[in-house]
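Participant: Here is my input; please provide its structure:
(6 chains)
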Protein chains: 4
Amino acid sequence: MIERPQEEQLRQVPQQARSQKRFNQILDAAAEVFAEVGYEAATTNAIAARASTSIGGLYRFFPNKLAIFHALAARYLEQVKELFTAFQVSEAAQLPLDSYISQVLDAFDQFVTATPGYRVVFVQSRFVSPDVLAMDADLNRQIAQQLETFFALRNPNLEPAQQALIATVCVEVASVLEILSLTRDQAFQKRVLAETKNLLIGYLQQYFPDQLSNPTKG
Amino acid sequence: MIERPQEEQLRQVPQQARSQKRFNQILDAAAEVFAEVGYEAATTNAIAARASTSIGGLYRFFPNKLAIFHALAARYLEQVKELFTAFQVSEAAQLPLDSYISQVLDAFDQFVTATPGYRVVFVQSRFVSPDVLAMDADLNRQIAQQLETFFALRNPNLEPAQQALIATVCVEVASVLEILSLTRDQAFQKRVLAETKNLLIGYLQQYFPDQLSNPTKG
Amino acid sequence: MIERPQEEQLRQVPQQARSQKRFNQILDAAAEVFAEVGYEAATTNAIAARASTSIGGLYRFFPNKLAIFHALAARYLEQVKELFTAFQVSEAAQLPLDSYISQVLDAFDQFVTATPGYRVVFVQSRFVSPDVLAMDADLNRQIAQQLETFFALRNPNLEPAQQALIATVCVEVASVLEILSLTRDQAFQKRVLAETKNLLIGYLQQYFPDQLSNPTKG
Amino acid sequence: MIERPQEEQLRQVPQQARSQKRFNQILDAAAEVFAEVGYEAATTNAIAARASTSIGGLYRFFPNKLAIFHALAARYLEQVKELFTAFQVSEAAQLPLDSYISQVLDAFDQFVTATPGYRVVFVQSRFVSPDVLAMDADLNRQIAQQLETFFALRNPNLEPAQQALIATVCVEVASVLEILSLTRDQAFQKRVLAETKNLLIGYLQQYFPDQLSNPTKG
DNA sequence: TATGAATGAGACTTCATTCAT
DNA sequence: GATGAATGAAGTCTCATTCAT
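Facilitator: I've put the predicted structure just below:
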């Protein structure tokens, strides 16, 4: 039940193209299986089978089940980071706050919708078991750090601690509402997305005044 | 892996004071164990031991592990419902929106802080495994329904669907931020609570204009 | 799993009328439960409940589950013995062999049909588990002994060993075919009963020649 | 207590010679254990141990305890069927009825004597518990069907229903007496076997007259 | 004497992980 | 390197039996 910390590392960072492919096959399979039955109920045999690998093959890359989860989380984290980075480098960064938020949330929504495994990993990583909970870092925290950079640019007067807090709140809220949105049909998803925008714009305009495209909502 | 729905019922609703006590002992123990290791990793033996009962004693009340979780959830649900009901009956219901929200969130924060098991149950109930997911109802949804009543009184023009959505968003957001607040020290908890108030007041004033005590924040 | 032999005894032979009634209630209940689910799957709690007694009450009479089975078997044995005794004392004993056999088998068939518990006890007593198998005696054996007396009267020339063997064969065959007859509908039951008569008459006339009412069958 | 019917299938039909061997080891072990303590009292751990396998190894082939019993029954059924088939194809089929019966019963006796597991399976399959009772088919019934073919050849005038009944009676009677014969020493076994022949020849000559080698017994 | 809550050994079964081939 | 059969610790749950009330 308690795993030796070192063991969460990968056993072998795949170098060869062939290995790399196999590695990703396993991760894809794991995402599917985790999504379908949850982390605990997922079996390593099921993951290996879904990845068309042998169970022994799976254990060549991952020392144990938790390591698979970690690797999956790391992969998604990379993708989400890229998502946010892309925004800050793009011209979108120059938009009024509400437009910017709207676009970011749209992009996030599309990413999550298109990436079913994300949901499992980012949700379960926080709530399931201490093993999983003890994951290297709070993944959302890392995403929040990217937001901080953005906030710092928009309002240099904010204290760093306050920046961090606001960013964290935004990420938590956006995550949980995104997850909520996925619990029902597509119409519901759209409406929740709209509410999320409302919520965050209302919240952030307190800290970034005079950055809205339309001065008053009403 | 899949449990027959009927079986989630209690085996015996305890009537006698003695039984009632034992029943609650088990539920308290379960709350602790679930909180410590999560639903899946929690063992019925561990729960029985923590409750100072034999494993057989536990199964006199609960037909299986999931039933324990359900009973625990039901107990908390009752408590949270009472919390909200108390507010709507009290004079607080006459307060300006922001004061009202502030008081409700304070009360909720105190409840959650004083009720460690709440976190596990209300969070895990939505995210853990299909078994748990299949719980009779989305517990947060039930809390949200109480909010709807309140909203209907404050603004009769809102469509029911919109009321439901807003209530759900509020509950989700308040829950996740409450949980976030508990991940660090008490100072952090306070700051997150303040942000939560900010966030929700900013959000709700869109739907309930002219109900604030202080017209403008700045 | 291994029961101390002494323990199969009754804990208390009920003397009082009240006790006697309770004792029989339990035995009746046991017969039903054994018949429905088999010896192994029958629970002492189920038997007590069916007998409208408490589990503690049951254990006042019977030291363990096997003792219940034994007592039940003993009760049926008594009844079957009476059945056969009645026949030998009656005028039926003077009938030609084939008429006699026919009447005995009819009576036995009626008894078994009217006594569902008999089936379980007499069947399971031979086949289930060593515990049960080790029952004081082969119950069928005791019934066979009654037949021997009859055979001795009809043909004093038969060796005792041969008498015993023939009697045993008759009882075994009658039992198994009676049981077979109960596996389908009433029409089947009748046809099997007729075949049983055929079978046993054909068999016994070898040992008791010139005792038939109708010299040739064809 | 109630097992899903689908689950009685094997988990994996062993193909490789190695697997095949392990599979049979387990079945042999199961036959021994079932014979010793009965189906219900037999534990999967005991079977695995007797087969010199780990419990996990056992469950690679069989999804549950009942499946082991089924597989064992299937194996014996195949063997008994072959036994009967061999007789009908051989020249023995041309023998007078009494010689034929005698030879078949001798062969059956040798088979059962040499196959201790047969007793448990074929006896318990009908009588033990509803789980076991629900076995795909009444195994004796399947054996009886082979006899029907034979009867049809010997006496084409018999109605099919009557053929089936006679065949069933023969199989039941032969089975139960075979089992009886095994309860005591070898001398007893011989004597019971002789009686079984007597019994069945006397019975069958009613339906297949003029097929005996020696017209009168005395 | 009667009750039935409590006990706990032990059954079945799963699945992460290893290692001989 | 790859495979997948094998292992066995550990989990859930049952039920015969006891004994405090």
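Participant: What average pLDDT does whichever strand or helix holds A:Phe87 get?
Facilitator: If you go by DSSP states H and E, A:Phe87 is part of helix A:65-89. The pLDDT scores in helix A:65-89 average 88.
Participant: Just want the angle from the next helix or strand after that helix to helix A:65-89.
Facilitator: Moving toward the C-terminus from helix A:65-89, the next helix or strand (DSSP H and E) is helix A:97-114. Per axes from the mean of the first three to the mean of the last three CA atoms, to 10 degrees, the angle that helix A:97-114 makes with helix A:65-89 is 150 degrees.
Participant: pLDDT value on A:Leu139, please?
Facilitator: A:Leu139 is given a pLDDT of 72.
Participant: how deep is it tucked in, by neighbour count?
Facilitator: By the criterion of other CB atoms under 10 Å in any protein chain shown, A:Leu139 has 20 neighbours. In short, each C-beta sits where N, CA and C put it, glycine included.
Participant: cool, and A:Gly57?
Facilitator: Residues lying near A:Gly57 (other CB under 10 Å) number 14.
Participant: ok, it - contacts?
Facilitator: For A:Gly57, the contacting residues are A:Arg22, A:Ala48, by CB atoms under 8 Å, 6 or more residues apart in numbering or on different chains.
Participant: and it, helix, strand or coil?
Facilitator: helix (DSSP: H, G, I helix; E, B strand; the rest coil).
Participant: likewise A:Gln189?
Facilitator: Per three-state DSSP, the secondary structure class of A:Gln189 is helix.
Participant: circling back: could you name the helices and strands sitting against the helix holding A:Phe87?
Facilitator: On a contact count with 3 or more CB pairs under 8 Å, 6 or more residues apart in numbering or on different chains; DSSP states H and E, helix A:65-89 meets helix A:17-37, helix A:44-50, helix A:97-114, helix A:116-127, helix A:130-133, helix A:139-154.
Participant: Next, format the ones you listed as CSV and append distance to B:Ala42.
Facilitator: Below are the helices and strands packed on helix A:65-89 laid out as CSV (distance: least, CB to CB, whole Å):
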stretch, distance to B:Ala42
helix A:17-37, 18
helix A:44-50, 21
helix A:97-114, 29
helix A:116-127, 14
helix A:130-133, 11
helix A:139-154, 24
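Participant: for these, which one ends up most surrounded?
Facilitator: helix A:116-127 (a mean of 22; mean count of other CB atoms under 10 Å in any protein chain shown).
Participant: Lowest average pLDDT across the helices and strands packed on helix A:65-89?
Facilitator: Looking at these, the weakest mean confidence is helix A:130-133, a mean of 55.
Participant: Check chain A for the residue nearest DNA strand F and tell me.
Facilitator: Proximity of chain A to DNA strand F (CB to the nearest atom of the strand) peaks at A:Gly56, 2.1 Å away.
Participant: so how far is B:Leu58 from that residue?
Facilitator: 39 Å (CB to CB, to the nearest Å).
Participant: One more: A:Pro96?
Facilitator: Distance from A:Pro96 to B:Leu58, by CB to CB: 59 Å.
Participant: Got the confidence number for the residue in chain A that chain C sits nearest to?
Facilitator: Using CB to the nearest CB, A:Ala41 is the residue of chain A that sits closest to chain C, at 30.1 Å. On pLDDT, A:Ala41 comes in at 88.
Participant: tell me which element it falls in.
Facilitator: Applying DSSP H and E, one finds A:Ala41 in no helix or strand.
Participant: That one: neighbour count?
Facilitator: A:Ala41: 16 surrounding residues under other CB under 10 Å.
Participant: thinking it is in contact with A:Gln124, fair?
Facilitator: No: applying CB atoms under 8 Å, one finds A:Ala41 not in contact with A:Gln124, separated by 11.2 Å.
Participant: Name the residue in A:Pro96 and B:Leu58 with the higher neighbour count.
Facilitator: A count of neighbours by other CB under 10 Å puts B:Leu58 above the other of A:Pro96 and B:Leu58, at 23 against 14.
Participant: Once you drop chain neighbours, what's closest to A:Ser54?
Facilitator: Spatial nearest neighbour of A:Ser54, excluding adjacent residues (CB to CB, 6 or more residues apart in numbering or on different chains): A:Ala48 at 6.2 Å.
Participant: Might you report the residue contacts of the one you found?
Facilitator: A:Ala48 touches A:Ile26, A:Ala29, A:Ser54, A:Ile55, A:Gly57, A:Leu58, counting by CB under 8 Å, 6+ apart.
Participant: Could you verify my assumption that A:Val176 touches B:Glu172?
Facilitator: Yes: with contacts counted by CB under 8 Å, A:Val176 reaches B:Glu172, the gap being 5.3 Å.
Participant: Show me chain A divided up by domain.
Facilitator: Annotated domains of chain A cover A:13-62, A:73-213 [automatic domain parsing].
Participant: Next, format those domains as a markdown table and append distance to C:Asp210.
Facilitator: Shown next, in a markdown table, are the domains of chain A (distance: least, CB to CB, whole Å):
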| stretch | distance to C:Asp210 |
| --- | --- |
| domain A:13-62 | 76 |
| domain A:73-213 | 86 |
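Participant: What parts of chain A come near DNA strand E?
Facilitator: Residues of chain A that fall close to DNA strand E, judged by CB under 7 Å from any atom of the strand: A:Glu3, A:Ala41, A:Ala42, A:Thr43, A:Thr44, A:Asn45, A:Ile55, A:Gly56, A:Tyr59, A:Pro63, A:Asn64, A:Lys65.
Participant: Repeat the analysis, applying 10 Å as the threshold.
Facilitator: Contact residues (CB under 10 Å from any atom of the strand) of chain A with DNA strand E: A:1, A:3-4, A:7, A:11, A:33, A:37, A:39-48, A:54-60, A:62-68, A:131.
Participant: How far away from the center of its chain is stretch A:60-76?
Facilitator: With CA atoms, centre = their mean, to the nearest Å as the basis, stretch A:60-76 stands 15 Å off its chain's centre.
Participant: cool, stretch A:42-50 as well?
Facilitator: 23 Å.
Participant: residues touching A:Leu27, list them.
Facilitator: With CB under 8 Å, 6+ apart, A:Leu27 has these contacts: A:Ile68, A:Ala71, A:Leu72, A:Arg75.
Participant: quick one: contacts for the second one?
Facilitator: For A:Ala71, the contact set (CB under 8 Å, 6+ apart) comprises A:Leu10, A:Leu27, A:Phe62.
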